[in-house]
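Visitor: Show me how the following folds:
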Amino acid sequence: MSEYTTVSLRKEFVADVEEYIEDEPFGSVKEFVKHVVVREMESDDEIGESEARRIGQKLRDLGYVE
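Guide: The predicted structure is shown next:
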């Protein structure tokens with residue numbers, strides 16, 4: 001049997017994702033997030049440390065990450 005954990009996301013972010021996937025073949029935000037994470041994990045593309053910092057700062061500025 002699989003075990004699960006919970007990931008907390010800001011309600012505003014979830015609302016943005018729900019709007020974004022409205023016309024997409026995903027049944028839920030959970031399905032979409034899983035799809036994106038798995039795709040990124042399987043990707044051969046790598047980003048550098050400075051790019052990762054830039055992305056992290058942008059997410060903080062948008063209020064998605066504390």
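
Visitor: Just give the nearest non-adjacent residue to the residue nearest to the spatial centre of the chain, would you?
Guide: In the chain, the residue lying closest to the centroid (CA atoms, centre = their mean) is residue 33, at 5.2 Å. Distances taken as CB to CB, 6 or more residues apart in numbering put residue 17 closest to residue 33, at 7.4 Å, once the chain neighbours are dropped. Any C-beta I mention is one placed from the backbone N, CA and C, and that applies to glycine too.

Visitor: Where does the one you found fall, secondary structure wise?
Guide: Here residue 17, judged by DSSP states H and E, is contained in helix 11-20.

Visitor: which helices and strands does that helix pack with?
Guide: Applying 3 or more CB pairs under 8 Å, 6 or more residues apart in numbering; DSSP states H and E, one finds that helix 11-20 contacts helix 29-42.

Visitor: Any buried residues in the helix it packs on, and which?
Guide: Across helix 29-42, burial judged by 16 or more other CB atoms under 10 Å covers 29, 32-33.

Visitor: from these, which single one is nearest residue 21?
Guide: residue 32 (5.0 Å; CB to CB).
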